[in-house]
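**Q** Got a sequence here, can you build the structure:
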Amino acid sequence: MSDRVLLVDDEDDIRAIARLSLERLGGWTVVTASSGDEAVELVTREAPFTVVLLDVMMPGSDGPATLLRLRSGRLPPQTPVVFLTAKVQPADRRRLHGLGAAGVIAKPFDPMLLSQQLRAILESGPGEIV
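**A** From the prediction side, this is the model:
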């Protein structure tokens, strides 16, 4: 079974570009969700995932709230969660890491490098910011 990523982002274009990048360049199997609610449903139905790639700013349940819901549900605690965000100030990054994020990838991301960035975070352990 290949590595599986749950990609959660409310923007159709971001999901499409990230999915294409992760599948074609990284060899990932990608499952997408357009909201926190959908992500929670998918984790319940389709776990396990190797990693969750989670947008921070989404309507309704934002990334941090979604992470809390996933962790209190069926997402195993050892499953890394990496945030995608345009807010990459040190205070923002510290807050996300304080929530248990394995890493943070800045938006806009380079589709040619996204898979490498995600792998680097997973290989380096918690705290990686790319």
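**Q** For the longest helix anywhere in the chain, which helices and strands make contact with it?
**A** Counting residues, the longest helix found in the chain (DSSP state H) is helix 12-26. Under the contact definition 3 or more C-beta pairs under 8 Å, 6 or more residues apart in numbering; DSSP states H and E, helix 12-26 sits against strand 4-8, strand 29-33, strand 51-55, helix 114-124. Heads up, the C-betas are built off the backbone N, CA and C, glycines and all.
**Q** Ranking those by mean neighbour count, which comes first?
**A** The highest mean neighbour count among the helices and strands packed on helix 12-26, using mean count of other C-beta atoms under 10 Å, belongs to strand 51-55: a mean of 25.
**Q** where in the protein is pLDDT low?
**A** Where the chain drops to pLDDT under 70, the residues are 1, 125-130.
**Q** on that earlier part again, figure out which of the helices and strands packed on helix 12-26 is closest to L96.
**A** Distance to L96, taken as C-beta to C-beta, is lowest for strand 51-55 among the helices and strands packed on helix 12-26, at 9.6 Å.
**Q** The closest one relative to strand 29-33, how many degrees between them?
**A** Using axes from the mean of the first three to the mean of the last three C-alpha atoms, to 10 degrees, the inter-axis angle of strand 51-55 relative to strand 29-33 is 40 degrees.
**Q** Now the longest helix of the chain: buried residues?
**A** Neighbour counts over helix 12-26 (16 or more other C-beta atoms under 10 Å) mark 14-15, 17-19, 21-22, 26 as buried.
**Q** which outside residues touch that helix?
**A** Residues outside helix 12-26 that contact it (C-beta atoms under 8 Å, 6 or more residues apart in numbering): 5, 7, 9, 28-30, 32, 34, 53, 55, 84, 107, 109, 111-112, 114-116, 118-119.
**Q** Would you quantify the distance from the residue positioned nearest the centre of the chain to A16?
**A** By C-alpha atoms, centre = their mean, the chain has its centre lying nearest to L53, at 1.0 Å. Counting by C-beta to C-beta, to the nearest Å, the separation of L53 from A16 is 14 Å.
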